[in-house]
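K.L.:
here is my input; please provide its structure:
(one chain, ligands or ions: 1)
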Amino acid sequence: MSWGVRTGTASVERVDGMDFPDDFLWGAATAAYQIEGSPLADGAGASIWHRFCHTPGMVRDGDTGDVACDHYHRWPEDIALMRRLGLQSYRFSIAWGRVLPQGTGAVNEAGLDFYERLVDGLLEAGIAPNATLYHWDLPAALDDCGGWLNRDSADWFAEYAERVFRRLDGRVKMWTTLNEPWVVMDGGYLSGALAPGHRNLYEAPIVAHNLLRAHGKAVQAYRASGAHRIGLVVNLEPKYPASDALQDRAATRRAHAYMNRHFMDPVFRGRYDEVLVQMFGAAWPSFPASDLELIRTPIDFLGINYYTRNVVRDDGGRFPLPVDRPVQPGATYSETGWEVFPQGLLDTLNWVRTRYGNPPVYITENGSAFYDPPVAQGGAVHDPLRMHYLRQHLRVLRQAIADGCDLRGYYAWSLLDNLEWAHGYSKRFGLVHVDFQNQRRTLKDSGAHYARVIASNGQCL
Ligand SMILES: OC[C@@H]1[C@@H](O)[C@H](O)[C@@H](O)c2[nH]c(CCc3ccccc3)c[n+]21
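P.N.:
Below you'll find the predicted structure:
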């Protein structure tokens with residue numbers, strides 16, 4: 001599969017008259033370490049992100065998740081905001097270290113109690129909880145035992161998952177094992193930009209493999225007791241060659257193998273992409289074939305996090321990725337440097353439909369960081385660029401449905417401005433503005449627009 005060369009912003013033909021299904025699910029997403037604060041409260045154990053943020057130089061401005069959005073205390077207020085938006089579902093993550101402070105063994109009931117209160121509050125508000133078990137915040141105690149490099153990590157994760165299922169399944173009816181294993185691998189073990197900050201070509205594929213094994217074991221644990229649905233969330237970023245030159249097309253193939261097929265192929269096809277294996281060469285780990293049977297344990301849905309595309313120009317073959325991302329003439333770029341390219345979402349959805357047998361899909365994250373002006377006198381936050389990004393990407397979903405994609409729902413990233421990992425609080429993705437000096441929440445224009453989209457089931461985009 002390779003996409004033709006596209007430059008500039010492709011216009012997406014609107015499919016008039018194509019409605020969203022009546023049961024299309026409209027939501028918004030967050031993650032524990034990015035919004036909760038109080039990372040060590042009530043018996044919680046530190047995570048690798050608590051450790052990473054408190055390591056000088058790792059996070060912009062020395063920002064940490066010590067307070068964040070104080071969601072740990074303000075969750076009732078935030079549920080009220082979700083009701084004001086008309087959210088039908090809320091995607092959040094559970095901090096492993098709140099439940100098992102040492103990662104395995106003794107359960108911290110107070111940690112489970114917090115998530116039980118949150119889930120019950122969501123249900124009372126008529127909002128369906130969608131819980132992610134792992135959104136990057138590994139207990140630091142497990143990292144001290146090798147973390148995802150240790151083959152036992154799959155069993156540690158299954159033990160944690162089983163404890164959470166036991167307390168919350170039934171009230172939570174939509175589970176995700178992992179958020180973006182590719183980012184955990186690439187950011188945490190290759191680029192070193194994310195916790196735990198390793199830079200090791202040999203570690204990366206081992207981590208990726210153990211993450212996939214952990215996913216498989218958690219799915220199997222759920223099948224033993226769970227009565228609802230469980231899936232995996234991946235970040236997919238379509239790759240387009242900068243030119244028709246052979247070396248650019250080859251580099252595009254490598255980039256596609258490294259990010260997109262890396263996790264999709266084992267989960268849905270039971271084997272790794274051969275291009276990927278060749279890319280890692282001597283660094284590619286050996287493992288028993290039975291691992292692939294575990295990894296391909298069937299799931300109920302796929303979550304796709306889509307933000308942007310990648311135009312690939314060969315940069316002389318530096319491993320693993322041609323890091324040359326040529327600027328596209330006339331394109332709009334967000335504060336994170338990501339090109340606004342809604343066509344890439346359509347191409348990605350159709351790629352998943354055709355290559356992996358049209359699995360049920362939710363867009364579990366989609367959003368943009370643009371500079372927000374200060375809160376205006378009347379208490380408004382005017383964010384036209386974020387609103388336009390939202391509109392453009394929602395329009396694409398109509399086309400994807402018309403093309404036959406089994407698209408079940410959409411979660412905007414993010415409900416709240418929050419800790420954008422190593423960027424600290426400098427990048428704002430929220431539909432709701434957060435003043436981190438006083439924790440005041442203010443609905444942005446984009447949030448008000450999203451509320452109208454939900455109320456009309458996508459009629460007014
Ligand atoms: O960067 C915005 C969001 C994060 O805040 C979420 O926690 C994370 O799930 C998420 N994934 C992506 C796309 C993959 C990516 C992550 C980090 C850096 C570069 C690309 C964007 N985002």
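K.L.:
make it CA atoms for all contacts and neighbour counts henceforth
P.N.:
Fine.
K.L.:
so what touches stretch 332-347?
P.N.:
9-12, 237-238, 306-309, 331, 368-371, 389, 392-393, 396-397, 399-400, 427 (C-alpha atoms under 8 Å, 6 or more residues apart in numbering).
K.L.:
just the buried residues out of those, in ChimeraX syntax.
P.N.:
Buried subset of the contacts of stretch 332-347, written as a ChimeraX selection, criterion 16 or more other C-alpha atoms under 10 Å:
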select :9,237,238,306,307,308,309,368,369,370,389,392,393,396,397,399,400,427
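K.L.:
so which of the contacts of stretch 332-347 belong to helices?
P.N.:
Using DSSP state H, the subset of the contacts of stretch 332-347 located in helices is Y389, Q392, H393, V396, L397, Q399, A400.
K.L.:
please report how far the residue of the stretch 351-461 of the chain found nearest the ligand lies from D273.
P.N.:
Nearest residue of the stretch 351-461 of the chain to the ligand (C-alpha to the nearest ligand atom) works out as E420 at 5.0 Å. Distance from E420 to D273, counting by C-alpha to C-alpha, to the nearest Å: 31 Å.
K.L.:
wait, isn't the residue of the stretch 351-461 of the chain closest to the ligand in contact with G430?
P.N.:
No: E420 lies out of contact with G430 (C-alpha atoms under 8 Å); the separation is 10.6 Å.
K.L.:
of the two, who's got more company?
P.N.:
G430 (27 against 21; other C-alpha atoms under 10 Å).
K.L.:
what residues are up against the more buried one?
P.N.:
Contacts of G430 (C-alpha under 8 Å, 6+ apart): A369, W413, S414, L415, L416, D417, N418.
K.L.:
quick one, what contacts the fifth one?
P.N.:
By C-alpha under 8 Å, 6+ apart, the contact list for L416 reads T30, I35, C69, F429, G430, L431, V432, H433, V434.
K.L.:
so which of those residues is the most crowded?
P.N.:
Most neighbours among the contacts of L416, by other C-alpha under 10 Å: L431, with 30 neighbours.
K.L.:
what pLDDT does that residue get?
P.N.:
pLDDT recorded at L431 is 98.
K.L.:
same deal with G17?
P.N.:
At G17, pLDDT is 53.
K.L.:
again, but for S11
P.N.:
S11 is assigned a pLDDT of 42 by the prediction.
K.L.:
in which helix or strand does I79 reside?
P.N.:
Secondary structure from DSSP states H and E places I79 in helix 71-85.
K.L.:
and the stretch 151-300 of the chain, which of its residues are near the ligand?
P.N.:
Counting by C-alpha under 6 Å from any ligand atom, the residues of the stretch 151-300 of the chain close to the ligand are V183, N235.
K.L.:
swap that for the stretch 351-461 of the chain, sorry
P.N.:
Counting by C-alpha under 6 Å from any ligand atom, the stretch 351-461 of the chain sits next to the ligand at E420.
K.L.:
and N130, what does it touch?
P.N.:
Here N130 is in contact with S89, Y90, R91, F92, V172, K173, M174, W175, T176 (C-alpha under 8 Å, 6+ apart).
K.L.:
ugh, typo on my part, it should be M82
P.N.:
Y90, L415.
K.L.:
pLDDT score assigned to it?
P.N.:
M82 carries a pLDDT value of 98.
K.L.:
the one 4 residues further on too?
P.N.:
We have a pLDDT of 98 for G86.
K.L.:
and the closest residue to it other than its chain neighbours, helix, strand or coil?
P.N.:
Spatial nearest neighbour of G86, excluding adjacent residues (C-alpha to C-alpha, 6 or more residues apart in numbering): A451 at 5.9 Å. Using DSSP: H, G, I helix; E, B strand; the rest coil, the structure places A451 in helix.
K.L.:
no further queries at this time; thank you.
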